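J.: please work out how this folds:
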Amino acid sequence: MRSRLIALLLCLMAWPALAAVTPNSFVSPQTPNRGVVRFVQGTDAAGTYKTLYTAGANGSRCYTITESNTDASVAHAITVQIFNGGNPQQGIQILSTQSAGNNQATTAGPDQIFGATANASGWYWPSVSDQYGNHYLQLISGDTVQGTYATNMTGGAYIGLYAICADF
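T.: Got it, this is the predicted structure:
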């Protein structure tokens, strides 16, 4: 009887070790996506936010945001922020140069606004990085990336924002 009791106790103690264990698995974004928004002179008011990108149901990862500016006479301060529940959470201001991305002499906006070093405007958006050192912005479900500009545009001008992202 005593040996049966000991055997039963040993089986019960070993029971959790018999359970299947699921290893942590790396999950990468599955669906490439992009966001595009345009502010048009005479249609959009300075300081009004527009949604550039909405995170997917399982979250998203944004790799870069670039801007273009057809205004040949004014450099525009552009603010890009994460909103969740209608509240701004984090953001950055970038300075668009005159005609940025609109002619061969001036390239479109900052090449990389995410990272640990300042972009061309002297600002950076703190972010995480992957195993290769590429910085990205992690979004959760409910996050939107929104942008606006600060100063009025001259006649016929527009400002464009372009985000390269992927949804989980």
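
J.: can you give me the helices in the chain?
T.: Using DSSP state H, the helices of the chain run over residues 2-14.

J.: what about it, any weak spots by pLDDT?
T.: Confidence mapping of the chain against pLDDT under 70 gives the ranges 1-3, 5-22, 97-127.

J.: now the strands for it?
T.: Under the criterion DSSP state E, the chain carries strands at the ranges 31-40, 50-54, 60-69, 76-84, 87-96, 128-129, 135-139, 143-149, 158-167.

J.: closest to Ser25 out of the ones you listed?
T.: Nearest to Ser25 among the strands of the chain is strand 60-69; the distance by Cβ to Cβ comes to 16.6 Å. Heads up, the C-betas are built off the backbone N, CA and C, glycines and all.

J.: buried set for stretch 55-70?
T.: 55-56, 59-70 (16 or more other Cβ atoms under 10 Å).

J.: who's Asn69 bridged to?
T.: Ile159 (DSSP bridges).

J.: rewinding a little: determine which two of the buried residues of stretch 55-70 are furthest apart.
T.: Taking Cβ to Cβ, no two of the buried residues of stretch 55-70 sit farther apart than Gly59 and Thr70, at 33.6 Å.

J.: Asn134 reaches Arg61, doesn't it?
T.: No. Using Cβ atoms under 8 Å, Asn134 makes no contact with Arg61, being 10.4 Å away.

J.: now the buried residues of stretch 55-70 in a markdown table, with distance to Val128?
T.: As requested, the buried residues of stretch 55-70 are exported to a markdown table (distance: Cβ to Cβ, whole Å):
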| residue | distance to Val128 |
| --- | --- |
| Ala55 | 15 |
| Gly56 | 18 |
| Gly59 | 13 |
| Ser60 | 13 |
| Arg61 | 9 |
| Cys62 | 11 |
| Tyr63 | 12 |
| Thr64 | 14 |
| Ile65 | 16 |
| Thr66 | 20 |
| Glu67 | 22 |
| Ser68 | 27 |
| Asn69 | 29 |
| Thr70 | 33 |
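
J.: ok, of those, which one's closest to Ile94?
T.: Nearest member of the buried residues of stretch 55-70 to Ile94, counting by Cβ to Cβ, is Glu67, at 6.6 Å.

J.: ok so, going back, could I get the strands of the chain as TSV with distance to Asn24?
T.: Shown next, in TSV, are those (distance: least, Cβ to Cβ, whole Å):
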stretch	distance to Asn24
strand 31-40	22
strand 50-54	28
strand 60-69	18
strand 76-84	26
strand 87-96	27
strand 128-129	17
strand 135-139	17
strand 143-149	24
strand 158-167	21
